[in-house]
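In: Let me see the structure of the following:
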Amino acid sequence: MTRLTKHFTLEELTYSATAIKHGIDNTPNAEQIKNLKALAETLEEVRAYLSKKAGKTIPIYIKESNGSGYRNAAVNKLVNGVPNSDHMQGLAADITAPAFGNVKQVCAAIKESGIKLDQCINEYNKWVHIGVGKRMRNQHFKIG
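Out: Got it, this is the predicted structure:
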């Protein structure tokens with residue numbers, strides 16, 4: 001395994017059942033790996049904040065089924081991702097933290113944390129989209 005940070009690996013941030021099912025190589029390039037490391041560092045901040053707030057260790061899970069860390073253009077198209085998705089650059093992950101609470105509670109905690117990020121999106125009350133990158137717009141909203 002290739003550790004990007006203490007709690008996140010390259011393998012978990014690039015895993016995609018969709019890619020496997022369709023025989024697609026979902027390997028990121030060097031720039032995308034650099035971005036995934038920055039993303040993992042932000043996810044570490046989220047994990048630490050949620051754990052502190054809950055008073056216990058809170059694991060974060062990357063939504064695996066469609067490749068919800070990094071996904072290349074072919075995988076992104078198969079999962080109906082938007083054409084300019086930050087997932088394709090390694091700048092986004094879809095997460096859950098059920099030991100902390102539901103998606104709405106996780107989003108609210110991330111917003112109050114002040115962690116610098118581009119986007120924190122409650123997607124359909126099913127997962128939290130965390131985006132990082134050059135823009136760092138600190139957007140918090142809900143889809144669906």
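In: Leaving out chain neighbours, which residue sits closest to the residue nearest in space to the middle of the chain?
Out: For the chain, the residue whose C-alpha lies nearest the mean C-alpha position (C-alpha atoms, centre = their mean) is A93; its distance is 1.6 Å. With sequence-adjacent residues excluded and distances taken as C-beta to C-beta, 6 or more residues apart in numbering, A93 is closest to G69, at 4.5 Å. All C-beta atoms are positioned from the backbone trio N, CA, C, and that covers glycine.
In: thinking again about what came up before, quick check: what element follows the helix or strand containing the residue nearest to the centre of the chain along the chain?
Out: Taking DSSP states H and E as the definition, A93 sits inside strand 92-96. Note on strand 92-96: by DSSP H and E, the next helix or strand toward the C-terminus is helix 103-113.
In: how much does that next one deviate in direction from strand 92-96?
Out: Orientation note: helix 103-113 sits at an angle of 120 degrees relative to strand 92-96 (axes from the mean of the first three to the mean of the last three C-alpha atoms, to 10 degrees).
In: Show me what helix 103-113 is packed against.
Out: Secondary structure elements in contact with helix 103-113, counted by 3 or more C-beta pairs under 8 Å, 6 or more residues apart in numbering; DSSP states H and E, are helix 30-54, strand 92-96, strand 119-123, strand 127-131, strand 139-143.
In: tell me what the fourth one is packed against?
Out: Which is strand 127-131. Based on contacts counted as 3+ C-beta pairs under 8 Å, 6+ apart, the elements that strand 127-131 packs against are helix 30-54, strand 92-96, helix 103-113, strand 119-123.
In: With mean pLDDT and distance to G81 as extra columns, can I get those in JSON lines?
Out: Putting the helices and strands packed on strand 127-131 into JSON lines (pLDDT from 0 to 100; distance: least, C-beta to C-beta, whole Å) gives the following:
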{"stretch": "helix 30-54", "mean pLDDT": "98", "distance to G81": "15"}
{"stretch": "strand 92-96", "mean pLDDT": "96", "distance to G81": "10"}
{"stretch": "helix 103-113", "mean pLDDT": "97", "distance to G81": "19"}
{"stretch": "strand 119-123", "mean pLDDT": "95", "distance to G81": "12"}
